[in-house]
Structure formats: C-alpha cells, structure tokens
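In: just coords:
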C-alpha cells in the first residue's frame, strides 16, 4: 500500500490510525507523528489530510518503508544493563560498609556518657 492509498483510506474511514499502530507494533501517536513528518497535516473540520510539505513524491512511498518496524532490544542487552546496575549498587554498599567500619567511635562517647552530648572536636578560638 502506498502513502496515497493510506491517506485516502483514512479519509474514507476505511482504515484507522490505530489499525496501522497495531500492524507496526507502535502507538497511534507514533503513526501520527510519522504522517506529520511526511508533510501531511490532519484538518479535523474537513476530516482529511492536507499536504504542507515540499516534495509530493512521498505519496509514492510504500507505507512499509515509512513505518518500518523498529527492532526491539535483545534480552541480553537489557540483562547486561541490569547486571551492571546491580554491580554498581553492590559496590556502593561495600564502600559505605567499609567507611562505617573505619570510622572509630570517640572514646568519650561510651556507654557511661549516654544521654550527654560529648564533643568529638573541640573549638579553639
């Protein structure tokens, strides 16, 4: 089917944008954007498309070329991103744990001094 046939079918209500969206596994908004990128503007009051572009040769394009299926991401790509994200979270937790282990509690802040605020650093003026 050519773009010209698609436009005519939509205008004659023989074809819906949602049908195209289902066929090409995209949203109806994506189809509308692609049609607009071709230079076609929907005029709701007239229920038809008006060509506002410069090159009318778009009418001779096959709609399969215009609405090419976008290949989905492979599972391995998605999983590798998850793995690297989990690794960075794990590394952050290990760094935080190491920092907590290396911070020494001030000797003045033992159980005898509970309830009192004990300054760790004194101000010298």
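Out: Alright, I've got the coordinates. Model, not experiment: these values are computed from the prediction. Numbers count the residues shown, from 1 in each chain.
In: can you give me the helices in this protein?
Out: In the chain, the segments counted as helices under DSSP state H are 3-11, 17-24, 28-37, 63-66, 75-102.
In: And the ones you listed: which comes nearest residue 54?
Out: Across these, residue 54 has its closest neighbour in helix 28-37 (12.7 Å, Cβ to Cβ). Every residue, glycine included, has its C-beta placed from N, CA and C.
In: for that closest one, which positions count as buried?
Out: Neighbour-count burial for helix 28-37, with 16 or more other Cβ atoms under 10 Å as criterion, is recorded at 30, 31, 34, 35.
In: Closest one of the residues you listed to residue 5?
Out: The shortest gap between residue 5 and any of those belongs to residue 35, at 13.3 Å (Cβ to Cβ).
In: doesn't residue 52 make contact with the closest one?
Out: No: taking Cβ atoms under 8 Å as the contact criterion, residue 35 and residue 52 are not neighbours in contact, 11.5 Å apart.
In: where are the low-confidence patches of the chain?
Out: Confidence mapping of the chain against pLDDT under 70 gives the ranges 69-81, 83, 95-125.
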